[in-house]
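1. kindly generate the corresponding structure for this input.
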Amino acid sequence: MGCSKCGRPELIFQEYSGLHLCRQHFREDLLHKAKKTVRKNQWLVPGKRYAVALSGGPVSCALLDFMHSLVGDRKDISLVAITIKNDDTDGMATAREITEESGIPWYVIPEDATIISTQLQRAGTTNRFPFLAHALTEERLAPVAVQLKIDSLSIGYTLEDHAGWALWKAISGDITQKSGLPENCRNHVRIIRPFMHIPWQELELYSRLFLNDYYKKAQAESDNCMDDPVNCILAQFYRRHPGVPYALVNIGEQVKKFRDQVS
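-> Residues are numbered from 1 along each chain as shown. Prediction:
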C-alpha cells in the first residue's frame, strides 16, 4: 500500500488510525501528536527550566530529541538532561553521546540502592505493576530537579504506560488517587509526558530511523504474564482492538480532570 497522505511507499500501518504512512509522514505524525499533547496541557512556559529523564534507551533518546527540537533554539527556555547512573554501559554511553552532540547539559546522579528499596516498600502492591518504574524515576529525580531549579521534568511515559495505569487503577479501586511524585516535590516540579498518546513501538521505530547514530536496540519484553498481569491483559486486547489503549488513556484523562476539580 502507498502512503495515505502522499502515495509514496508505506513504512508503517497504524491499525488504530487506519493510516498507511511513509517515512516522512510517520515522523510528522509522531511529532504532531507530541506537540499537540504539550500544547493541550500548556506544558511549555516561557522563562522556565526543563529537564529530560534520560536513560539512554530508545524512548528517552526520542524524548530528548523532541524536546530539543521544541525548545533548543529558544532563548527564554533552558533544557538539561538527567540520568540515574546504572550498570547499563551502552545506555550511559548513548546518553553521553546524544547530550554532547546536542550541546545539552547532562547531569548524572548515583543510583542509591537504599532509596530504591524504600521506594519499593512504599509502593507496596497497590501500584505494583504499571507506572512503577516511572514512578520510582520520578521520586529519585524530583529532589535533584528541585536542587537544579528545574521547573518541569519530562519523562518517557508512553501510550501503553498510561493505558496500563488507567486499567490497574480501575481494577485496584483507587483510580482517583494520584501516582508517582512525592508530596514534598509535587508543588515544585511539574511532570510532563509528551509521548503519552504515542505507542512504544512507534517511538522505538522513530529512534531507529532518525537517531540511528545513538540507537540502542531495546531488550525484548518478558513473555511471563504472571510478572505483569495488566500488560498481559492489555496485550491481548491490543491485538484484537488496537483502539483500546487510546480509550483507556482518555478515561484516565477524564478521571484526572474530575480529581483535580474535587481536590
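2. doesn't residue 80 lie inside a strand?
-> Yes: counting by DSSP: H, G, I helix; E, B strand; the rest coil, residue 80 is found in a strand.
3. grab the nearest non-local neighbour of it.
-> Using C-beta to C-beta, 6 or more residues apart in numbering and skipping residues adjacent in sequence, the residue nearest residue 80 is residue 105, 4.4 Å away. Bear in mind the C-beta positions are built from the backbone N, C-alpha and C, glycine included.
4. where's that neighbour relative to residue 148, distance?
-> 9 Å (C-beta to C-beta, to the nearest Å).
5. who's more crowded, these two?
-> Shown here are residue 105 and residue 148; by other C-beta atoms under 10 Å, residue 148 has more neighbours (17 against 13).
6. what segments of the chain are helices?
-> Listed in chain order, the helices of the chain (DSSP state H) span residues 23-40, 58-71, 89-102, 113-123, 132-147, 159-172, 183-186, 200-210, 229-240, 244-262.
7. for the second one, which positions count as buried?
-> Within helix 58-71, the residues that count as buried by 16 or more other C-beta atoms under 10 Å are 58-68, 70-71.
8. tabulate those (JSON lines), appending pLDDT.
-> As requested, the buried residues of helix 58-71 are exported to JSON lines (pLDDT from 0 to 100):
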{"residue": "58", "pLDDT": "93"}
{"residue": "59", "pLDDT": "93"}
{"residue": "60", "pLDDT": "94"}
{"residue": "61", "pLDDT": "95"}
{"residue": "62", "pLDDT": "96"}
{"residue": "63", "pLDDT": "97"}
{"residue": "64", "pLDDT": "97"}
{"residue": "65", "pLDDT": "96"}
{"residue": "66", "pLDDT": "97"}
{"residue": "67", "pLDDT": "97"}
{"residue": "68", "pLDDT": "96"}
{"residue": "70", "pLDDT": "95"}
{"residue": "71", "pLDDT": "93"}
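9. appreciated, that's everything.
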